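Asker: what follows is a predicted protein model with its sequence.
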Amino acid sequence: MWTQGIYAILLLVISNIFMTFAWYGHLKMREEFAWFQALPLIAVIAFSWGLAFFEYCFQVPANRIGFRDNGGPFSLMQLKVIQEVITLIVFTVFTTVFFKGEALHWNHLAAFLCLVMAVYFVFMK
């Protein structure tokens, strides 16, 4: 059962990498590639949708594998809170690596601590 939980978490991480690039990657692509900057908004949306397809290819199996009613170890609430924490971790890494002007401040760390506490509370019996 916990093997399914580990697989679900790994799939959620991969899913969130695609999601972060779909949602925010176009902002960096615009800086890096002149041809991308020239694209109309509808083309940028289509590009993001293409990435989001892969997000769903990992997100849906992660939820199916990890969900308690399918033999996984997590409730729906637990899956959602895990997913949100993964999203913030992936987003933080993405932001600090690709957007050098964005810095991590104490209030960001405090907010992340609150989310870690949310994971703790959602797993309490």
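Answerer: Here it is on my side, so go on.
Asker: who are the contact partners of the residue nearest the centre of the chain?
Answerer: Centroid check for the chain by Cα atoms, centre = their mean gives Asn16 as the closest residue, at 2.6 Å. Asn16 sits next to 55, 83, 86-87, 90-91 when contact means Cβ atoms under 8 Å, 6 or more residues apart in numbering. Placement of C-beta: from N, CA and C, glycine included.
Asker: quick check: chain neighbours aside, which residue is closest to Ile103?
Answerer: Slight slip there: residue 103 is Ala, not Ile. Thr96 (7.8 Å; Cβ to Cβ, 6 or more residues apart in numbering).
Asker: so what does that neighbour have for phi and psi?
Answerer: Thr96 adopts backbone torsions of phi -70, psi -30, taken as degrees, to the nearest 10.
Asker: and the helices in this structure?
Answerer: Remark: helices assigned in the chain by DSSP state H are 2-20, 26-32, 34-37, 41-66, 76-98, 106-123.
Asker: next up, the contacts around Gly50.
Answerer: Counting by Cβ under 8 Å, 6+ apart, Gly50 has no contacts.
Asker: per-residue pLDDT, it?
Answerer: pLDDT, Gly50: 95.
Asker: ok, now how distant is the residue nearest to the centre of the chain from His26?
Answerer: 17 Å (Cβ to Cβ, to the nearest Å).
Asker: again, but for Leu41
Answerer: For Leu41, the distance to His26 - Cβ to Cβ - is 10 Å.
Asker: the more surrounded of these two?
Answerer: Neighbours were counted for Leu41 and for His26 using other Cβ atoms under 10 Å; His26 has more, 19 against 8.
Asker: hang on, that one packs against Val44?
Answerer: Yes: the pair His26 / Val44 is scored as a contact, 5.0 Å apart, by Cβ atoms under 8 Å.
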